[in-house]
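> Model the following, please.
(2 chains)
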2 protein chains.
Amino acid sequence: MVSRKKIFVLGGDGFCGWPTSLHLSRLGHDVVIIDNFSRRRIDAELGIRSLTPIVSIEQRIDAWRDVSGRQLGFHYIDIAQDPAQLTALIAAEMPDTIVHFAEQRAAPYSMRGPVEKRYTVGNNVQGTHNVLCALVECGLDTHLVHLGTMGVYGYGGAGFEIPEGYLGVEIVDKAGERHDWEILYPTRPGSIYHLTKSMDQLLFQFYAQNDKLRITDLHQGIVWGTQTEETRQHEDLINRFDYDGEYGTVLNRFLVEAAIGHPLTVHGTGGQTRAFINIQDTVRCIALAVAHPPQRGDRVKILNQIAETLRVRDLAALVSRVTGASIENLPNPRKEAAENDLVVSNATFRSLGLDPILLEEGLLGETIEISTRFADRVDLAHIRARTAWSHEERELLGRQNHTVGARTAV
Amino acid sequence: MVSRKKIFVLGGDGFCGWPTSLHLSRLGHDVVIIDNFSRRRIDAELGIRSLTPIVSIEQRIDAWRDVSGRQLGFHYIDIAQDPAQLTALIAAEMPDTIVHFAEQRAAPYSMRGPVEKRYTVGNNVQGTHNVLCALVECGLDTHLVHLGTMGVYGYGGAGFEIPEGYLGVEIVDKAGERHDWEILYPTRPGSIYHLTKSMDQLLFQFYAQNDKLRITDLHQGIVWGTQTEETRQHEDLINRFDYDGEYGTVLNRFLVEAAIGHPLTVHGTGGQTRAFINIQDTVRCIALAVAHPPQRGDRVKILNQIAETLRVRDLAALVSRVTGASIENLPNPRKEAAENDLVVSNATFRSLGLDPILLEEGLLGETIEISTRFADRVDLAHIRARTAWSHEERELLGRQNHTVGARTAV
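As a prediction, the model looks like this:
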């Protein structure tokens, strides 16, 4: 049995935050959701919606009380824009743990244009800083668990296994003397979104060092899957499934394409290797991180929250095998290497007992459970990637969209 | 003769920005100052003022026109809060170069409390990002010259000469294979202010890589001195001299203490080694950086803008020798090592012809020129450091202020 904690889940209405809130509640913790519905607002802004129908937060909370007998707290706060309200709530409730998901999390959205770039930087950096600042102001020893991203490591192909946050390096000075350092893994983010999580790392390093805050940063891979044990208990508890060009991650797009009889659209050669984790394992990892905080005075605890790595073309082949869909290669709107290797250590979560669900075994169920069931809700107009990373890729994408437009009209 | 450029100076009303604007104008460039008077506003907020009397920006610009025959442009814009106005001005004027000083630049102010911490993060990170974002939006190849700080390297005592921004490291992987990388020097900022300049580095790395922006980042030491060749030409052109506990750098505090017959107050053992540069050399270095931009597609050009390094206690001894003042050791409000070595490469500026003014030679003139001349304007109440770095140092400082208060009342 876990020791009961008071836990704030910032961004607890979102794709990772909602199932995490339910999971932590079911484990017996006292969970308070803080959200500003930014994800729902962006849905409206982009004219998109989750493939799965999402009810209001009040209905979600009611449904959870009905099935579990447990009450979730909820406060509408914009943590980036309203630090005073955030600080007052932290001071009043004194949470043992804050799980922080409240960041704009889509790389393509963050690259859309100047407004979205600025929003992502302002929202993510200031939101994270406001939380840290509030903990110092309140003089609390609250454990902060932050969702980072594998993207802070960059996808350049290190040529060796990526460690958990820190890298041992050797420096040879001019006098030929050797110095051994252990440093934050040199970050090389590939989008504004990933950049903000890299900047978060510096914020965490500083506050852990200067104010002895206890911080865990979880560098997560691409999440796949939709439901967890908890979200399956009532239809009003269902989790988001995003498949649009901005928020839809690669597997979701493939699944929706397959469900509606469209070829699986692979950007570039599909040689990009990515790290993946199922949403069910995400919530388990968060619970493990909550249960194993660093000590006061420790450096930031960084864990890699991933289950496996796969090339995008191998993922496409897997989906094609399960669904029978064909595969089509399109130009890549991102500025990145066409092919990269990615080997990542997930030693800590493995040692804590993580036995992850792998794509090979979970994919078929996911396909049937979500993308086929809700296929009539698919909006084909929004499935394509529209955001180019820079002026160079924009030209490429312009040609692509022209071609695609001509063909889909047939 | 330099080639004439249109240059925006962001923060051109401030301590480094104003003399830089004049220097670039005198060199024949077309200079446009952009400022939101944040430094004047903070003066009012803290109840402090520059030892030297500062007239309005209009009077400053008029005085420069009178003595030089050259016109400075001026626009009141808050670059952090009003990106639209900034972008419109950049689009309309298409500057060849933007020199960016528009950041909150005092470490103690940045550590004062939650409001100042948040202001420093919001102002500095968003301001810098808005400039980068605007350049991409306008599709310009403008060269951005940013004032960084030596503080991004941390003061941990590397044990070897700090290179210019990039560090060659060797990684030995699990298989025993060696990998040579050249990385951004691992940053370990010691205050929120230094943290923001570390975050700026990541912004620059990203935009240079993703959008091929041409960026120079100047990691400057502590600036000493007040006047330059240009600011001496008219009393309305005089530069700021800050000596208060928030904005006054160590030498200025010593000089003012000496001028009013107060002991020189050294925090801790004075074993902290710092890098220094005279304001006259700052403006020369900026002009050199403007004249030697990186090429499109280059990584960020990082230069160390320093003349020499000195321990604080050696600086105190130097001032004591020149002025006859005694020296007093007080507790250190900062969280930092008591003693550190600091050896820094300034190879690039040396190779471009920098032959810097050293403290040993310039100190006496500075003392007579400024601190003695304006000694009647000194406000003793604001000279002490009041900002503690964390709860730990706050306790220390509480005791210190109590003691000092008791003694100065005698």
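
> pLDDT weak spots in the stretch 251-400 of chain A?
Applying pLDDT under 70 to the stretch 251-400 of chain A flags residues A:398-400.

> who in it is up against chain B?
A:335, A:389-391 (Cβ under 8 Å from any Cβ of the partner chain). C-betas here are computed from N, CA, C, even on glycine.

> okay, now the nearest residue to residue A:70 once chain neighbours are set aside: neighbour count?
Once flanking residues are discounted, residue A:70 sits nearest to residue A:25: 4.9 Å by Cβ to Cβ, 6 or more residues apart in numbering or on different chains. Residue A:25 has 23 neighbouring residues, counting by other Cβ atoms under 10 Å in any protein chain shown.

> gap between residue A:25 and residue B:298?
Applying Cβ to Cβ, to the nearest Å, one obtains 52 Å for the distance of residue A:25 from residue B:298.

> what residues are up against residue A:241?
Counting by Cβ atoms under 8 Å, 6 or more residues apart in numbering or on different chains, residue A:241 makes contact with A:50-52, A:226, A:252, A:370-371, A:374.

> May I ask which of the residues of the stretch 251-400 of chain A next to chain B has the most neighbours?
Neighbours here are counted as other Cβ under 10 Å. On that basis the top member of those is residue A:389, with 22 neighbours.

> give me the element the residue nearest to it when sequence neighbours are not counted is part of.
Nearest residue to residue A:389, sequence neighbours excluded (Cβ to Cβ, 6+ apart): residue A:335, at 4.2 Å. Counting by DSSP states H and E, there is no helix or strand that carries residue A:335.

> Residues contacting stretch A:11-18, please?
Looking at stretch A:11-18 with Cβ under 8 Å, 6+ apart, the contacting residues turn out to be A:9-10, A:20-21, A:31, A:33-35, A:37, A:39-40, A:57, A:60, A:72, A:74, A:99-103, A:105, A:147, A:223, A:231, A:239-240, A:242, A:279, A:282-283.

> no, scratch that, I was asking about stretch A:40-50
Applying Cβ under 8 Å, 6+ apart, the contact partners of stretch A:40-50 are A:13, A:54, A:104, A:109, A:240-242, A:244, A:246-247, A:377, A:379, A:382.

> Of those, select the buried ones using a ChimeraX command.
One line in ChimeraX is enough to select the buried members of those, burial here meaning 16 or more other Cβ atoms under 10 Å in any protein chain shown:
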select /A:13,54,104,109,240,241,242,244,246,247,382
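
> Looking at the contacts of stretch A:40-50, which is nearest residue B:189?
For residue B:189, the closest of the contacts of stretch A:40-50 turns out to be residue A:104, at 24.6 Å, with distances computed as Cβ to Cβ.

> Can you tell me the closest non-neighbouring residue to the closest one?
Among residues not flanking residue A:104 along the chain, residue A:120 sits closest, at 4.5 Å (Cβ to Cβ, 6+ apart).

> And for residue A:122?
If the residues on either side of it in the chain are set aside, residue A:122 comes closest to residue B:126, at 5.7 Å by Cβ to Cβ, 6+ apart.

> what's the helix or strand where that neighbour lies packed up against?
Following DSSP H and E, the helix or strand that holds residue B:126 is helix B:114-138. Other elements packing on helix B:114-138 under the criterion 3 or more Cβ pairs under 8 Å, 6 or more residues apart in numbering or on different chains; DSSP states H and E are helix A:83-93, helix A:114-138, helix B:83-93, strand B:97-100, helix B:107-110, strand B:143-149, helix B:192-210.

> and if we set it to 7 Å?
With contacts taken as 3 or more Cβ pairs under 7 Å, 6 or more residues apart in numbering or on different chains; DSSP states H and E, helix B:114-138 sits against helix A:114-138, helix B:83-93, strand B:97-100, helix B:107-110, helix B:192-210.

> Out of those, which is closest to residue B:261?
helix B:107-110 (24.4 Å).

> about what we covered before: closest one of the contacts of stretch A:40-50 to chain B?
Ranked by distance to chain B (Cβ to the nearest Cβ), the contacts of stretch A:40-50 are led by residue A:104 at 13.8 Å.

> hang on, the earlier thing: can you put the helices and strands packed on helix B:114-138 in a markdown table and add distance to residue B:180 and mean pLDDT?
Listed next are the helices and strands packed on helix B:114-138 as a markdown table, based on distance: least, Cβ to Cβ, whole Å; pLDDT from 0 to 100:
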| stretch | distance to residue B:180 | mean pLDDT |
| --- | --- | --- |
| helix A:114-138 | 32 | 98 |
| helix B:83-93 | 39 | 98 |
| strand B:97-100 | 32 | 98 |
| helix B:107-110 | 34 | 96 |
| helix B:192-210 | 19 | 98 |
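
> what's the closest of the ones you listed to residue B:329?
Each of these has some distance to residue B:329 by Cβ to Cβ; the shortest is helix B:107-110, at 18.4 Å.

> Would the closest one count as contacting chain A?
No. With Cβ under 7 Å from any Cβ of the partner chain as the criterion, chain A is not reached by helix B:107-110; the gap is at least 11.0 Å.

> What are the contacting residues of that helix?
Contacts of helix B:107-110 with the rest of the structure, by Cβ atoms under 7 Å, 6 or more residues apart in numbering or on different chains, involve B:104, B:116-117, B:120, B:191-194, B:245-247, B:385, B:387.

> top of these by neighbour count?
Going by other Cβ under 10 Å, residue B:192 tops those with 27 neighbours.

> from what I can see that one touches residue B:112, true?
No. Counting by Cβ atoms under 7 Å, residue B:112 is not a contact partner of residue B:192; they are 9.3 Å apart.

> Could you find the closest non-adjacent residue to residue A:388?
The nearest residue in space to residue A:388 (Cβ to Cβ, 6+ apart) is residue A:394, at 3.9 Å.

> Not counting sequence-adjacent ones, nearest residue to residue A:65?
In space, not counting the residues next to it along the chain, residue A:65 is nearest to residue A:71; the distance is 5.7 Å by Cβ to Cβ, 6+ apart.

> Tell me the secondary structure at the one you found.
Here residue A:71 takes the coil state, with states given by DSSP: H, G, I helix; E, B strand; the rest coil.

> What separation do you get for it and chain B?
With distances defined as Cβ to the nearest Cβ, to the nearest Å, the gap from residue A:71 to chain B amounts to 31 Å.

> What count of nearby residues applies to that residue?
When counting by other Cβ under 10 Å, one arrives at 14 neighbours for residue A:71.

> Distance of it relative to residue A:92?
Per Cβ to Cβ, residue A:71 is found 17 Å from residue A:92.

> related to what we said a few turns ago, out of the contacts of helix B:107-110, who's nearest residue B:183?
Compare each of those with residue B:183 using Cβ to Cβ and the shortest gap goes to residue B:194, at 18.7 Å.
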